[in-house]
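Student: Just to be clear, the model below is a prediction. Sequence and coordinates:
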2 protein chains.
Amino acid sequence: MSNTQTVASLGENLSLKRIIERLRKPTDDSSNVLVGPGDDSAVLAAPDGRFCVTTDTMVEGHDFKLEWSSAYDLGWKAVATNAADVAAMGAVPTSIVIAMGVPGDTEVRWLEGFVDGANAACEALAPRCFVVGGDLAAADKIFIAVTAFGDLQGREPVLRSGAQVGDVVAVGGTLGRAACGLALLRSGNADAINTWDDWVNIQRRPEPPIELGVLAAQAGATSMLDISDGLTKDAARIAKASQVSIALSRQALQGYEAVLEGAASWIDADAFAWVLGGGEDHSLLATFAADATLPRGFKRIGEVIERAQAAGEDSPSAGVDVLLDGAPVAELGWDSFA
Amino acid sequence: MSNTQTVASLGENLSLKRIIERLRKPTDDSSNVLVGPGDDSAVLAAPDGRFCVTTDTMVEGHDFKLEWSSAYDLGWKAVATNAADVAAMGAVPTSIVIAMGVPGDTEVRWLEGFVDGANAACEALAPRCFVVGGDLAAADKIFIAVTAFGDLQGREPVLRSGAQVGDVVAVGGTLGRAACGLALLRSGNADAINTWDDWVNIQRRPEPPIELGVLAAQAGATSMLDISDGLTKDAARIAKASQVSIALSRQALQGYEAVLEGAASWIDADAFAWVLGGGEDHSLLATFAADATLPRGFKRIGEVIERAQAAGEDSPSAGVDVLLDGAPVAELGWDSFA
């Protein structure tokens, strides 16, 4: 009976009730949740009198395909990607609200799988983080809009605009693996997908190094973001915001490329393009003063230099955002509408 | 040229930039916005160490039709409905993030109209509230997921569960007008729509009495919510959460009905059904101790009584949620999936 229940047959209120009952709950008093799901608003604690907030969206057919991602995968990914945006400020993820649209014939057990994935991602990546509210709407295709909150614990937020000439550029986490996984799925090559399922699974259930956000802030990171659209595209965001150029070293990126070369050769792809242009690992890109001690888990991949002028350009707002071994790099990466 | 720019032709980043530039900005230091749009997260102040959060979704074809609502209308409505959820906790709306999905051929000026409507609603209904971030995704149809935040200013939140037997039940704001406007639009009767355009406009751009939320909390409201799905359906939520019954008086509701009777007669509809079952005015429903002074703007419509048993039921969880002149009332109102 419960196997064939749909959202429409159960109704909005009872479907929401089933979801809320299934959400992971704080087991002690240390969570930030003062009033949980079920009222007009949740009430959350902001111990230092501030909170971080970020919002991100996943749309069926544009950002995911149901034949490639299970409900569990999507619940996991929704939490992981938003927790990474909180971590990129140097904050600890504390809570999440999820607004979803689903067709009426969506099975309730699909929603339960989604909740299980969201719960598991919180537990694995951000154990002090809980889903505290949401909304369930009728839609022709599934969309998932997540808003996540973080606690800066008294520290200043690490912005994109603080990179200084002479700083070290460093990455915490992996590069290109999710893009490799997506390319494998798109290839339709079942043997390749089975052989390199680790990278496929990173595409489905990314594992951003959430805890490195706080460590980077404590180590004095001057700027930081999470790489959601690709290394060069996101490095360019720091470059623009800080009015500097980011000079990357190809040699320093070879380790990220090497682990993907096997998969790339199976499907005749370019592993280095995944490293430069693949976003969905949601790793952290940060800059540190040259004499800072990088937190364990960060690897130096370049340095911050004075803003380079593009050839033939003399407008002060122009300039080169990212260079690789001294040469300007095109902005590879994801645009939702491209 | 700019008249024909679409989101796809401009790209995600530049479209977002255009939106962010157009957002209403705080003109003094008293806003809660510490870090605004453009970084991985916004950073907001929570002066009393807590914040309220609510999220709600509007989906094209399910919650709105583009032929009935302009972009400006939708921006207004997105802010108004969510600010009402914050007000229903007794809090002051401070900030909003908006995640949207739109087709690539959406004109940029449509997005600008949406921003103008959101700005205007903040200014008119919640002047200390600012849009501080968002996300723009590609989608086949438009959806709008809003998350809003509020400041309790040191007060306890007013929950749904605090109604006490003997309390007065009161409404702040109008009832049934948005439902009347929707019925007029659905009728396709152009004369009726023109004649009763005030009610059509409340459907398009609701004007919840946001400031009454704080006043109700200060007056000691024991429970409160915003009527988003219909008076009886939302009153039932208070009844269930508080384990009481809500006894409404038909006589006290006649004023709400009277102003809608003219429109109802034009399209052969039942004005009282709009009063009982129409939700989108987003007025506030609250309970107060019998000896409390109701804030100006609230009107008494009934009282809280001991939980009545349904005929033939003796399970302790059963019971009648809402009565009208002593008789149980069916739960009229909106279900997204019904």
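Tutor: Noted; the coordinates are in hand. Everything quoted here is computed from the prediction, not taken from an experiment.
Student: Helices along the stretch 1-150 of chain A, start to end?
Tutor: Using DSSP state H, counting those that start in this stretch, the helices of the stretch 1-150 of chain A run over A:7-10, A:12-22, A:71-87, A:108-125.
Student: Might you report the residue contacts of residue A:224?
Tutor: With contact set as C-beta atoms under 8 Å, 6 or more residues apart in numbering or on different chains, residue A:224 has these partners: A:88-90, A:158-160, A:213, A:216-217, A:284-287, B:40. C-betas here are computed from N, CA, C, even on glycine.
Student: What's opposite it in the beta bridge?
Tutor: Beta-bridge partners for residue A:224, by DSSP bridges, are residue A:286.
Student: Domain map for chain A?
Tutor: A:2-151, A:168-328 (automatic domain parsing).
Student: Tell me who's in contact with the residue nearest the centre of chain A.
Tutor: The centre of chain A sits closest to residue A:81, judged by C-alpha atoms, centre = their mean, with a distance of 3.0 Å. Residues near residue A:81 by C-beta under 8 Å, 6+ apart: A:56, A:58, A:146, A:206, A:208, A:228, A:280, A:282.
Student: can you pick the most crowded of these?
Tutor: Tallying neighbours with other C-beta atoms under 10 Å in any protein chain shown puts residue A:146 at the head of these, with 31 neighbours.
Student: Quick check: the gap between it and residue A:179.
Tutor: 21 Å (C-beta to C-beta, to the nearest Å).
Student: residues making contact with stretch A:4-19?
Tutor: By C-beta under 8 Å, 6+ apart, the list of residues contacting stretch A:4-19 from outside reads A:102-109, A:111-112, A:115, A:134, A:136, A:138, B:335-338.
Student: nope, stretch A:258-272 is what I meant
Tutor: A:176-177, A:180, A:183-184, A:187, A:189, A:191-192, A:195-196, A:199, A:253, A:257, A:274-275.
Student: got it, and stretch A:294-312?
Tutor: With C-beta under 8 Å, 6+ apart, stretch A:294-312 has contacts from A:163-173, A:209, A:212, A:215-216, A:218-219, A:239, A:242-249, A:252-253, A:255, A:284, A:286-288, A:290, A:318-320, A:323, A:328.
Student: Which among the residues you listed count as buried?
Tutor: Among the contacts of stretch A:294-312, those classed as buried by 16 or more other C-beta atoms under 10 Å in any protein chain shown are A:163, A:167-173, A:209, A:212, A:215-216, A:219, A:239, A:242, A:244-249, A:253, A:284, A:286-288, A:319-320, A:323.
Student: what's around residue A:128, how many residues?
Tutor: Around residue A:128 sit 14 other residues, with neighbours defined as other C-beta under 10 Å.
Student: just to revisit the earlier point, just the buried ones from the contacts of stretch A:4-19?
Tutor: Looks like these have A:102, A:104, A:106-108, A:111-112, A:115, A:134, A:136, A:138, B:335-337 buried, using 16+ other C-beta under 10 Å.
Student: Could you dump these into a markdown table and include distance to residue A:28 and pLDDT?
Tutor: Below are the buried ones among the contacts of stretch A:4-19 laid out as a markdown table (distance: C-beta to C-beta, whole Å; pLDDT from 0 to 100):
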| residue | distance to residue A:28 | pLDDT |
| --- | --- | --- |
| A:102 | 33 | 97 |
| A:104 | 39 | 96 |
| A:106 | 34 | 96 |
| A:107 | 34 | 95 |
| A:108 | 30 | 94 |
| A:111 | 27 | 96 |
| A:112 | 25 | 96 |
| A:115 | 21 | 97 |
| A:134 | 23 | 89 |
| A:136 | 29 | 94 |
| A:138 | 37 | 95 |
| B:335 | 36 | 73 |
| B:336 | 35 | 73 |
| B:337 | 36 | 75 |
